[in-house]
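**Student:** Structure for the following, please:
(one chain, ligands or ions: 1)
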Amino acid sequence: MFHVAEQQYASKDELYRSLTLQAQALLQGEHDPVANAANLAALIFHAVPGLNWAGFYFLHGDELVVGPFQGKPACVRIAIGRGVCGTAAERRETVLVEDVDRFDGHIPCDADSRSEVVVPLIDPAGSLLGVLDLDSPEAARFDAADAAGFERLAAVYVASLST
Ligand code: SME
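**Tutor:** Model (predicted):
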C-alpha cells in the first residue's frame, strides 16, 4: 500500500523534491502508460495543495485526448494549438497561466479553474506524447517553482515508460 505523505514542507522546492522521490518509488518497475499516469495524477492531486484538476492528455493522431486524471469530468479532445493544453503541446514548452480569463482561447472545462500550468511530455526520441495539466481555483496559484516541480514529475513519468 502506498501512502501519500500528509506533511508540511518548508518550501515548494522541498515539496517537489519529496514528490519526485515519491513518484519514482510509485512508478518503479511499471511501464504501463495508463497505470503510471493514473497513479501520478492521484499522487499530485492529493499531495499538492490548491488543485481542482490534475491529469493527462495524450496525443492521438493530431489531437490531445483526455487520459487519467483527478477532478471533475473534463473536455475529451483538444486540438493542437487550442487552449492552454494545445498551446503547450504545439510549443513543446511549459505554459503557465496566472489568470485563465486573460488567456485567449482558454477551454473552460471546470468553471472553478482560475489558473493553470501545462507541461508537455516529450519522449527521449523527441516525440510529443501528450501533456500534464494542473488547474487551481486560486488565481496565480502557480509560479516558476511549481512549473519546475511539475516538469520534474513529468520527466519521472516519461522515464517510467522505458526504464
Ligand atoms: N483548460 C484547459 C482544458 C483542459 S481542462 O483544464 C482539464 C485548456 O485550456 O487547455
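
**Student:** what's the nearest residue to whatever residue of the chain ends up closest to the ligand if we skip its chain neighbours?
**Tutor:** Here the chain gets closest to the ligand at one residue, Gly83, 2.8 Å apart by C-beta to the nearest ligand atom. Placement of C-beta: from N, CA and C, glycine included. What sits nearest to Gly83 in space, not counting adjacent residues and going by C-beta to C-beta, 6 or more residues apart in numbering, is Ile107, at 3.7 Å.

**Student:** tally of neighbours for Glu90?
**Tutor:** By other C-beta atoms under 10 Å, 15 other residues sit near Glu90.

**Student:** so who does it touch?
**Tutor:** By C-beta atoms under 8 Å, 6 or more residues apart in numbering, Glu90 lies in contact with Ile80, Gly81.

**Student:** Are we agreed that Gln8 is in a strand?
**Tutor:** No: Gln8: not assigned to a strand; according to DSSP: H, G, I helix; E, B strand; the rest coil it is coil.

**Student:** Report pLDDT for it.
**Tutor:** In the prediction, the pLDDT value recorded for Gln8 is 76.

**Student:** and what of Glu63?
**Tutor:** The model's pLDDT for Glu63 equals 98.

**Student:** for Gly50, same thing?
**Tutor:** 96.

**Student:** Would you mind measuring from the residue nearest the centre of the chain to Gln8?
**Tutor:** Closest to where the C-alpha atoms of the chain average out (C-alpha atoms, centre = their mean) is Leu132, at 2.8 Å. Distance, Leu132 to Gln8, using C-beta to C-beta, to the nearest Å: 24 Å.

**Student:** touching the ligand at all, the helix or strand where Leu96 lies?
**Tutor:** Leu96 is part of strand 95-97, with elements assigned from DSSP states H and E. No: Strand 95-97 stays clear of the ligand (C-beta under 6 Å from any ligand atom), getting no nearer than 8.1 Å.
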